[in-house]
Structures are given as structure tokens and as C-alpha cells.
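Undergrad: below are the sequence and a predicted model for it; my questions follow.
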Amino acid sequence: MEHMPLLLEQKVVRSKSKIQIAIQVRSKLSNPDDLFKFSLVVFIPERVNGDSVSILSGDGEFDQWKRCVTWEMEHLPKGQSFMVSAKCLLLDGTSEGTSVDESLKFPVMLRCISNDQISSIRFKAIEANGHPATVSSSNVEKTYRIVHRLN
């Protein structure tokens, strides 16, 4: 598995019909650089009353049509962390029990930009048949997509 530049933890607490979702993201100290342009999305299941969704911490927005809460953050220094949270209520008439708990999953998707580097590499430009040779470089970005589901 490739080096993942962050750790993501999710905690969902339910008390009768009240639900609280908290997500913590931490940039690893081993990262060569900071992380940028975060987009953190939590999807809200159908058994939750969409009108009851509210943001507790972080500058998030709830999209009623997509049934998701989105938080955005521009910059996270390496080794630092942040936490966001939201709360909601189950739909009226949703009974308490294990079958309901099994269907109450809040998948998380996170996107960010991370810069990395190659520690040692050598290039040698060799002319071939009278054609000059050059070495050029380009900036390549890699996007990690993490989907986290409660088991």
C-alpha cells in the first residue's frame, strides 16, 4: 500500500433518535509538505430527517438534494489536525433496534492535495545521432480518495 498522507477517524454517537457525527483528520508528521484544498463530505442516510441536520463545528454546509454535509479547508500543516461535527435526528416512526443501527452508516469522502518529492534521481542527457538532448521536468499531482464506512 502506498503512503497515505493523513489519518481519518469517524465517531457516530446515537442516543434514541438523536445522532452526532464527529470526524477528525490529521496530517502525518512524515509528510514532506503540508496538505491543501481539503473537501470533506459526510453522506446522510435516508432514515435521517434531512430538516434536522445541523453543523456543530467547522464551516460546513448541508446539501438537502445530495443528502451530504461538506466542509472545506484551504490548508493543513503537517502534523496538525482538525475536527468537524454535525448532528441530526432520525425520521419519526423509525424504531430503535439493531436493524436500524445496521442501516445507519455515514460514509465519508475526503479529497486533498499533497506535494511529495523523489529523494534522489539522476538524469543524463545524451545526444543521439546529432540530435541534441535535453532534460525537462513537470509537476505531477496525485489525488487520494478515501471512502470510510462504519462496520
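TA: Perfect, thanks for sending it.
Undergrad: which SS class is the residue nearest the centre of the chain?
TA: In the chain, the C-alpha nearest the mean C-alpha coordinate belongs to L110, at 1.8 Å (Cα atoms, centre = their mean). Using DSSP: H, G, I helix; E, B strand; the rest coil, the structure places L110 in strand.
Undergrad: who does it form a beta bridge with?
TA: L40, I146 (DSSP bridges).
Undergrad: isn't it right up against F38?
TA: Yes: taking Cβ atoms under 8 Å as the definition, L110 is a contact partner of F38 at 6.9 Å. Backbone N, C-alpha and C define where each C-beta goes, glycine included.
Undergrad: what sits in contact with each of those two?
TA: V25 (Cβ atoms under 8 Å, 6 or more residues apart in numbering).
Undergrad: quick revisit: just the pLDDT at the residue nearest to the centre of the chain, thanks.
TA: Per-residue pLDDT puts L110 at 88.
Undergrad: please report the distance of it from S85.
TA: 15 Å (Cβ to Cβ, to the nearest Å).
Undergrad: just Q20 next, same as before
TA: 7 Å.
Undergrad: these two: which has the busier surroundings?
TA: Legend: neighbour count by other Cβ atoms under 10 Å for Q20 and S85, higher for S85 (20 against 14).
Undergrad: what pairs with the more buried one across the strands?
TA: A22, S57.
Undergrad: contacts only, for it.
TA: Neighbours of S85 in contact, by Cβ under 8 Å, 6+ apart: 20-23, 55-58.
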